[in-house]
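Enquirer: following is a predicted model, sequence given first.
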Amino acid sequence: MAKVEGLLLKAIHERNGIPDSGEFASSINENHNVVVGQIKSLQASEMVSVTDIDHFRWALTDEAQNYLRNGSPEVQVLNAIPAEGLPMADLKAKVPADVADIGFKQAMQQKWLSMDKSSGAPQIVRKVDAVEDKTQQLLQAVAEDKEISKPDAEAAKKRKLIKPEQWKTYKLDKGPKFALERKKPATELTQEMLAKGTWRTQEFKEYNFNALGQLPQGGHLHPLMKVRTQFRKIFTQMGFSEMPTNNYVESSFWNFDALFQPQQHPARDAHDTFFLIKPSITSLDRIPQDYLQRVRDVHQHGGYGSAGYGYSWKKADAEKNLLRTHTTAVSSRMVGLVCDRGLTLGDLIGVLHEFFTRLGLPKLRFKPAYNPYTEPSMEIFSYSEQLRKWMEVGNSGMFRPEMLRPMGLPEDVSVIAWGLSLERPTMILYGIDNIRDLFGHKVNLSMIKRNPICRLGL
Ligand SMILES: N[C@@H](Cc1ccccc1)C(=O)O
């Protein structure tokens, strides 16, 4: 590069300018683009001034290169027809298929050929003996960079035989800061410059206030965090408020018993739930004792139209501490859900539809399911257009009277509730089909850096 720059400056100095950078590039046997790169850099430091020269020429297409060698298709077709004529069906055996199609059409237009259908099968017959290959001559003229007439150019362009080519070269003159060598401006003021006083005449590089800083490496949000924020925003806009979910240790009572989940339910086995060793229990003394009594009754022998489970309910089991297995343990304390007189399954479906539509996943399906604390219950499925499949994104239902009535809620009050996955909707929204690509030690960090804040086209 430095070599090209030196040659440019020398030539501009010796010949008092360069009339055309294109010719200069060929004279030093260098690619014009390389020369242009140097010119732009010299222009930026005002060492040369630059005037654009616009160029235009017609160039042959690949198809035309072939015709230039072998003759135009119309002439190739004409030459393939013997004096006695040729059955139409035999033409493609004599010339390549594409040449046959184009050439036949052109030769018919020129009235060099005609069709004879008198003997049944169509026969191509000649109307002229020999022709000049005007098309090939035109292509030859273009190849030799000769001037061609406007109508000829238009016709050849329409036949996709020639295409316009435009490019620029530059006329170069000395600029206001011309010198035979580029003085490298200093980027730093050194102790030496100060000591010797050379700072007075030294040229300094100017600050580039438009330079972009380096992209910071941190500060990228994981898609799950973004979608979680979206969940929170949508539910807040729909009028919900958040319940505190920072109590990860819960008593079995709120996690299971209050939800009418029997004490011998498999989910309560030690290998399905983490129970705490220390502190191993939470006293239930602070829970209203009449409520506790009603929960015991409904488990043991039912009530409110239920037959109950018919076993002997133990307070000691309900006191066992565990790592909360679902946030429904919190909802059952807070009633952080929708609770009203006369609610129906339609209300539940409506709320979920509204939520998922606002999230950008309007295609939902509901499938009957079972939870000990809800009846009816529905699994929620969302359709991923990108992955072309239905994915379960949540579980929902209407709380059972066996859960609500012991709490003292009137008979006509129903509660609709749901638990949603965060990972599955995120996978759908980001087109991720393997959860390990989203979560866990196999996650590719560049995925997190690249994922968009605004997802378009989903
Ligand atoms: N607790 C259920 C979700 C749910 C909440 C409320 C009603 C129905 C289902 C779960 O963890 O999957």
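Expert: Great, that's in hand. For clarity, every value in this text was computed on a predicted model and none was experimentally measured.
Enquirer: phi, psi of the residue in the stretch 301-450 of the chain positioned nearest to the ligand?
Expert: When scored by CB to the nearest ligand atom, the stretch 301-450 of the chain has G419 as its residue closest to the ligand, at 2.5 Å. Backbone N, C-alpha and C define where each C-beta goes, glycine included. The phi and psi torsions at G419 (degrees, to the nearest 10) take the values phi -130, psi 130.
Enquirer: now it, nearest residue through space, not along the chain?
Expert: N395 (5.2 Å; CB to CB, 6 or more residues apart in numbering).
Enquirer: which residues touch that neighbour?
Expert: For N395, the contacting residues are 369, 371, 377-380, 418-419, by CB atoms under 8 Å, 6 or more residues apart in numbering.
Enquirer: so it sits in a helix?
Expert: No - assignment of N395 by DSSP: H, G, I helix; E, B strand; the rest coil gives strand, placing it outside any helix.
Enquirer: relative to N247, how far out is it?
Expert: To N247, N395 is 22 Å away according to CB to CB, to the nearest Å.
Enquirer: so which bits of the chain are right by the ligand?
Expert: 326, 328, 371, 374, 377, 395-397, 417-419 (CB under 6 Å from any ligand atom).
Enquirer: most widely separated two among the residues you listed?
Expert: H326 and S377 (13.4 Å; CB to CB).
Enquirer: what's around the residue in the stretch 51-200 of the chain that the ligand sits nearest to, how many residues?
Expert: The stretch 51-200 of the chain approaches the ligand most closely through T187 (61.6 Å), counting by CB to the nearest ligand atom. Residues lying near T187 (other CB atoms under 10 Å) number 7.
Enquirer: which of H326 and S377 has more neighbours?
Expert: Higher neighbour count among H326 and S377: S377, with 20 against 16, using other CB under 10 Å.
Enquirer: so where's the stretch 101-250 of the chain uncertain?
Expert: Flagging of the stretch 101-250 of the chain using pLDDT under 70 yields an empty set of residue ranges.
Enquirer: let me see the ranges of the strands in it.
Expert: Ranges of strands in the stretch 101-250 of the chain, per DSSP state E, counting those that start in this stretch, are 113-116, 123-126, 162-174, 249-251.
Enquirer: please name whichever of the ones you listed is nearest to G213.
Expert: strand 162-174 (32.9 Å).
Enquirer: which elements pack onto the closest one?
Expert: Secondary-structure packing of strand 162-174 (3 or more CB pairs under 8 Å, 6 or more residues apart in numbering; DSSP states H and E): helix 2-14, helix 21-27, helix 32-44, strand 48-60, helix 150-158.
Enquirer: and the contacts of the last one?
Expert: Outside of helix 150-158, the residues that reach it under the criterion CB under 8 Å, 6+ apart are 58, 64, 135, 138-139, 142, 148, 162-164.
Enquirer: let's see it at 10 Å
Expert: By CB atoms under 10 Å, 6 or more residues apart in numbering, the residues outside helix 150-158 that reach it are 58, 60-61, 64, 134-135, 137-139, 141-142, 147-149, 161-164.
Enquirer: and for the protein, the residue most distant from the center?
Expert: Relative to the C-alpha centroid of the chain, counting by CA atoms, centre = their mean, E84 is the outermost residue, at 63.6 Å.
Enquirer: show me what contacts it?
Expert: 123, 125-126.
Enquirer: give me the mean pLDDT for stretch 368-379.
Expert: Taken as a whole, stretch 368-379 has a mean pLDDT of 96.
Enquirer: give the burial count for the nearest residue to L438 once chain neighbours are set aside, as a bare number.
Expert: Leaving aside its chain neighbours, L438 sits nearest to I432 (5.1 Å; criterion: CB to CB, 6+ apart). When neighbours are defined as other CB under 10 Å, I432 has 20 of them.
Enquirer: can you check which of the helices and strands packed on strand 162-174 gets nearest to F256?
Expert: For the helices and strands packed on strand 162-174, proximity to F256 was assessed by CB to CB; helix 32-44 is nearest, at 73.2 Å.
Enquirer: circling back to that earlier point, intersection of neighbour lists for H326 and S377?
Expert: Common neighbours of H326 and S377, counting by CB under 10 Å, 6+ apart, are 371, 395.
Enquirer: about what we covered before: from memory the residue of the stretch 301-450 of the chain closest to the ligand sits against Y373, does it?
Expert: No - if you go by CB atoms under 10 Å, G419 and Y373 don't touch, sitting 11.1 Å apart.
Enquirer: name the residues contacting each of the two.
Expert: With CB under 10 Å, 6+ apart as the test, G419 and Y373 both reach 328, 397.
Enquirer: hang on, the earlier thing: please pick the buried ones from the contacts of E84.
Expert: Buried by 16 or more other CB atoms under 10 Å: 123, 126, out of the contacts of E84.
Enquirer: check which residues of stretch 232-241 are buried.
Expert: Under 16+ other CB under 10 Å, the buried positions of stretch 232-241 are 234-235.
Enquirer: next, count neighbours for D257.
Expert: A count of nearby residues for D257, using other CB under 10 Å, gives 28.
Enquirer: tell me the spacing between it and I277.
Expert: D257 is 21 Å from I277, by CB to CB.
Enquirer: please name the nearest non-neighbouring residue to K171.
Expert: Sequence neighbours aside, T51 is the residue nearest to K171 in space, at 4.3 Å (criterion: CB to CB, 6+ apart).
Enquirer: got the contact list for the one you found?
Expert: If you count contacts by CB under 10 Å, 6+ apart, T51 has them with 17, 170-173.
Enquirer: how about TSV for those, with distance to S41 and neighbour count added?
Expert: Below are those laid out as TSV (distance: CB to CB, whole Å; neighbours: other CB atoms under 10 Å):
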residue	distance to S41	neighbour count
G17	18	15
Y170	13	22
K171	17	14
L172	13	25
D173	16	14
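Enquirer: dump these into a markdown table; add distance to N451 as well.
Expert: Below are the contacts of T51 laid out as a markdown table (distance: CB to CB, whole Å):
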| residue | distance to N451 |
| --- | --- |
| G17 | 54 |
| Y170 | 44 |
| K171 | 49 |
| L172 | 48 |
| D173 | 51 |
